[in-house]
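>>> got a predicted structure here, sequence first:
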Amino acid sequence: KPLALPGAHVVVTGGSSGIGKCIAIECYKQGAFITLVARNEDKLLQAKKEIEKHSINDKQVVLCISVDVSQDYSQVENVIKQAQEKLGPVDMLVNCAGMSLSGKFEDLEVSTFERLMSVNYLGSVYPSRAVITTMKERRVGRIVFVSSQAGQLGLFGFTAYSSSKFAIRGLAEALQMEVKPYNVYVTVAYPPDTDTPGFAEENKTKPLETRLISETVSVCKPEQVAKQIVKDAIQGNFNSSIGSDGYMLSSLTCGMAPVTSITEGLQQVVTMGLFRTIALFYLGSFDSIVRRCMMQRAKSEIADKTA
Ligand SMILES: NC(=O)C1=CN([C@@H]2O[C@H](COP(=O)(O)OP(=O)(O)OC[C@H]3O[C@@H](n4cnc5c(N)ncnc54)[C@H](OP(=O)(O)O)[C@@H]3O)[C@@H](O)[C@H]2O)C=CC1
Ligand SMILES: CCCCCCCCCCCCCCCC(=O)[C@@H](N)CO
């Protein structure tokens, strides 16, 4: 039942940086053939070199493809075809290309909502749409979506980002129900803040409130997140989370998500009430952070005026 990675073809979008690159390395270490998909060719080549250092046999290949996953479906379909011609049918697709922009609702450009929805959501639909038919025909496959803890709860500053990550969950649940009889398994990962180039970029414009609330959960290493995601994908687990807060959040927000084992279902049933109780305290503390920041700003405005 677990997917055998040795000799498998794994496609990683966003594979040239951060979590995606670490997922590619993790799969390569286990004997997979890799296709990296991202836009910037220099970063792709750099990542390819880094991944190739971890080879376990001399047949392994890392293929690089430069394409924007969010723009044009036929373009994405074409590059996936090219990759399949070179490395065989895709056994596992990891949709990791994505980006984050934060700010108060009224401060975010309308175009930011469009951009995040097209990169984070449509950028996961297109590659998945391009591989699913072959996976169903072969009765083999794994599709991984990288959402976020911010795809499990909405928080200050993430009106555009959270919604694009929530959308992925709906897509994944519906798709899993369709493809399960064909032995194709869908995994949704909900990483916490993770130390990547993308995270550093995001922090340049993050509102104070968002930062303070996010600091409830500590920052993870991308290698650790990648290890967990690959493990869950191989197993065919629908849910992939990290740490005790990740565990609590996933249990609490399980909703109508499919279960992978009886144990998982039982744990959700038993822990739900307790985790909701804990969550209420978190929500209270988030609201007080937001209120404190508002009062602080009002105070410094008055100070500015009198000065
Ligand atoms: N880091 C974090 O704190 C967390 C991240 N996540 C999610 O994990 C994923 C990876 O994040 P992270 O590793 O931090 O990101 P990075 O910014 O470090 O890497 C993003 C990768 O995606 C590629 N990419 C971005 N846009 C596109 C596009 N339109 N078409 C093709 N490729 C694209 C980038 O390459 P290029 O720019 O060359 O195209 C790069 O390879 C994202 O979906 C993010 O939302 C979730 C939770 C926490
Ligand atoms: C029982 C209840 C437990 C509650 C725990 C609550 C924790 C809330 C913290 C949310 C942090 C959001 C991280 C977003 C990361 C991300 O996607 C960006 N870094 C993207 O780059």
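Sure, I can see it. Ligands and ions are numbered 1, 2, ... in the order given.
>>> from the chain's centroid, how far away is stretch 85-98?
15 Å (C-alpha atoms, centre = their mean, to the nearest Å).
>>> and that stretch, anywhere near ligand 1?
Yes: on the criterion C-beta under 6 Å from any ligand atom, stretch 85-98 is in touch with ligand 1 at 96-98. For the C-beta atoms, the positions are set from N, CA and C on the backbone; glycine is no exception.
>>> check what pLDDT the closest residue in space to Ser102 that isn't next to it in sequence gets.
Sequence neighbours aside, Gly157 is the residue nearest to Ser102 in space, at 4.0 Å (criterion: C-beta to C-beta, 6 or more residues apart in numbering). pLDDT for Gly157: 98.
>>> does Gly157 touch Glu209 like I think?
Yes: using C-beta atoms under 8 Å, Gly157 is in contact with Glu209, at 6.2 Å.
>>> any idea how far Val10 lies from Cys96?
Noted for Val10: a distance of 11 Å to Cys96, by C-beta to C-beta, to the nearest Å.
>>> repeat for Ser124
9 Å.
>>> overlap in contacts, the two.
Contact criterion C-beta atoms under 8 Å, 6 or more residues apart in numbering; residues shared by Ser124 and Cys96: Thr13.
>>> still on that earlier bit, so for Gly157 and Glu209, which sits in the more crowded spot?
The residue with more neighbours, out of Gly157 and Glu209, is Gly157; 26 against 20, by other C-beta atoms under 10 Å.
>>> and that one, its phi and psi?
Dihedral pair for Gly157: phi 90, psi -10, per degrees, to the nearest 10.
>>> make 430 the starting number, not 1.
All right, first residue 430 from here; so that's Gly586.
>>> mind listing what it touches?
Contacts for Gly586 (C-beta under 8 Å, 6+ apart) come out as 531-533, 635-636, 638-639.
>>> repeat that for Ala618.
573-576, 654, 657-658, 661, 669-670.
>>> up against ligand 1, what does this protein have?
Looking at ligand 1, the residues of the chain close enough under C-beta under 6 Å from any ligand atom are 442-443, 445-449, 467-469, 472, 497-499, 525-529, 548, 552, 575, 577, 620, 622-623, 625-628.
>>> ok, and of those residues, which contact ligand 2?
For ligand 2, the contacts drawn from the residues of the chain next to ligand 1 by C-beta under 6 Å from any ligand atom are 529, 577, 622, 627-628.
>>> which ones among these are found in helices?
627-628 (DSSP state H).
>>> of the ones next to ligand 2 among the residues of the chain next to ligand 1, grab the buried ones for ChimeraX.
Those of these that count as buried under 16 or more other C-beta atoms under 10 Å are selected in ChimeraX with:
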select :529,577,622,627,628
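>>> may I see the ones next to ligand 2 among the residues of the chain next to ligand 1 organised as CSV, with pLDDT added?
Listed next are these as CSV, based on pLDDT from 0 to 100:
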residue, pLDDT
Ser529, 98
Ser577, 98
Asp622, 98
Gly627, 98
Phe628, 98
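>>> for the ones next to ligand 2 among the residues of the chain next to ligand 1, which one is nearest Glu730?
Distances from Glu730 to these, taken as C-beta to C-beta, are shortest for Ser529 (28.4 Å).
>>> can you pull the contacts of that closest one?
545, 577, 587, 590, 627, 631 are the contacts of Ser529 under C-beta under 8 Å, 6+ apart.
>>> among those residues, which two are most distant?
The farthest-apart pair in these, when distances are taken by C-beta to C-beta, is Phe587 and Gly627, at 14.5 Å.
>>> longest helix in this protein, please.
The helix spanning the most residues in the chain, taking DSSP H as the definition, is helix 691-735.
>>> who are the packing partners of that one?
Under the contact definition 3 or more C-beta pairs under 8 Å, 6 or more residues apart in numbering; DSSP states H and E, helix 691-735 sits against helix 637-643, helix 672-681.
>>> neighbours around Gln581, how many?
Using other C-beta under 10 Å: Gln581 sits among 21 other residues.
>>> contact partners of the helix or strand containing Ala655?
Assessed by DSSP states H and E, Ala655 sits inside helix 651-664. Applying C-beta under 8 Å, 6+ apart, the external contacts of helix 651-664 come out as 431-432, 434, 447-448, 450-452, 454-456, 459, 521, 523, 571, 573, 575, 614, 616, 618, 620, 623-625, 668-671, 689.
>>> tell me the SS of Lys635?
Secondary structure, DSSP: H, G, I helix; E, B strand; the rest coil: Lys635 is coil.
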